[in-house]
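Asker: Need the 3D shape of this:
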Amino acid sequence: MILKEFFEINPSVAIAFSGGVDSAFLLYAAKKYALKCKAYYVKTEFQPEFEFADAKKLAESLGIEMRVIEKEVLADSRVAQNPVDRCYFCKKLIFSEIRTRAAEDGFTVLLDGTNASDDADDRPGMKALSELEVRSPLRECGLTKPEIRKLSQEAGLFTWNKPAYACLATRIPPNEPINREKLKNIEKAEDYLFSKGYMDFRVRTVNGHARIEVVDDQWMKLAEERNVIYEELKGLFKTVSLSLKTR
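Answerer: Okay, here's the model as predicted:
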């Protein structure tokens, strides 16, 4: 099956939209092939502001209405305590909320941007999507991440070369409780590194100690700027170190 055929069979769809590469291309395809579509963005403590800005920009550029839903996921102890299957509980909360709002708007088919490169065995959240009967057209049509980037570039989407981005909660190791302060400090640190020109990196924390992961070709840049970076981040964390493991 190809995307055009999918939307011929499912002409009216709600799309869980994050502003990332995959959901952006899915939204573009829905705009092109579906008779009716609407984007749903869920703002939680786990999404940084730049993701929300990108989502709004993309939806506006495509002329698609985006409904914004506020959800405090940390109010659920199963998420805040950060067990190994935290993603399952978080996805269940978020997509249940989207499904309810989408039903209010007259949509019965809910889609997400999971692609054929995503490993279902390594993603507890996919169990929640299956239980809620969320469809993943990119995966169903066999589209991989490289293919989606290529098609996005051809479509003129600014997201085509956007680095892969996981939610802020993934920076904190399993079984270490999550709170707003930890997430805000991580977001501030990553925003600063973005402003310095770094791409495709992570600032991970363990009990208040930060560890920066960068790709190979940014090691020398980080080494040269380590002092100024440390001065900027030292107020956010107990210690700041560079991981020997590259992304």
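Asker: List of residues touching the host helix or strand of residue 100?
Answerer: In this assignment (DSSP states H and E), residue 100 forms part of helix 86-104. When contacts are defined by CB atoms under 8 Å, 6 or more residues apart in numbering, helix 86-104 is touched by residues 14, 16, 38, 40, 42, 44, 46, 67, 69, 71, 73, 76, 78-79, 83, 108, 110, 112, 123-125, 127-129, 131-132, 134, 169, 174. (C-beta placed from N, C-alpha, C; glycine too.)
Asker: again, only this time at 6 Å
Answerer: Residues outside helix 86-104 that contact it (CB atoms under 6 Å, 6 or more residues apart in numbering): 14, 16, 40, 42, 69, 71, 73, 78-79, 110, 124-125, 127-128, 132, 134.
Asker: got the buried residues for the helix or strand in which residue 42 is found?
Answerer: Using DSSP H and E, residue 42 sits within strand 36-43. By 16 or more other CB atoms under 10 Å, the buried positions in strand 36-43 come out as 37, 38, 39, 40, 41, 42.
Asker: distance between the helix holding residue 100 and the chain's centre?
Answerer: In terms of CA atoms, centre = their mean, to the nearest Å, the centre of helix 86-104 is set 15 Å apart from its chain centre.
Asker: Also compute the angle for that helix relative to strand 36-43, please.
Answerer: 140 degrees (axes from the mean of the first three to the mean of the last three CA atoms, to 10 degrees).
Asker: Show the average pLDDT along helix 86-104.
Answerer: On average, the pLDDT along helix 86-104 is 95.
Asker: May I see the PyMOL selection of the buried members of the contacts of helix 86-104?
Answerer: Of the contacts of helix 86-104, the buried ones can be selected in PyMOL as follows, counting by 16+ other CB under 10 Å:
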select buried, resi 14+16+40+42+71+73+79+110+124+125+128+132+134
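Asker: Among the contacts of helix 86-104, which ones are in strands?
Answerer: If you go by DSSP state E, these have 14, 16, 40, 42, 69, 110 in strands.
Asker: Would you point out which residue is most central in this structure?
Answerer: Nearest residue to the geometric centre of the chain (CA atoms, centre = their mean): residue 166, 4.9 Å.
Asker: Could you pull out the helices in this structure for me?
Answerer: Assigned by DSSP state H, the helices in the chain fall at 3-9, 21-33, 49-62, 77-80, 86-104, 125-131, 137-140, 145-155, 180-195, 219-233.
Asker: got the contact list for the helix or strand bottoming out on mean pLDDT in the chain?
Answerer: Least confident helix or strand of the chain, by mean pLDDT, DSSP states H and E, is helix 125-131 with a mean of 85. Residues from elsewhere that reach helix 125-131 (CB under 6 Å, 6+ apart): 87, 88, 91, 92, 120.
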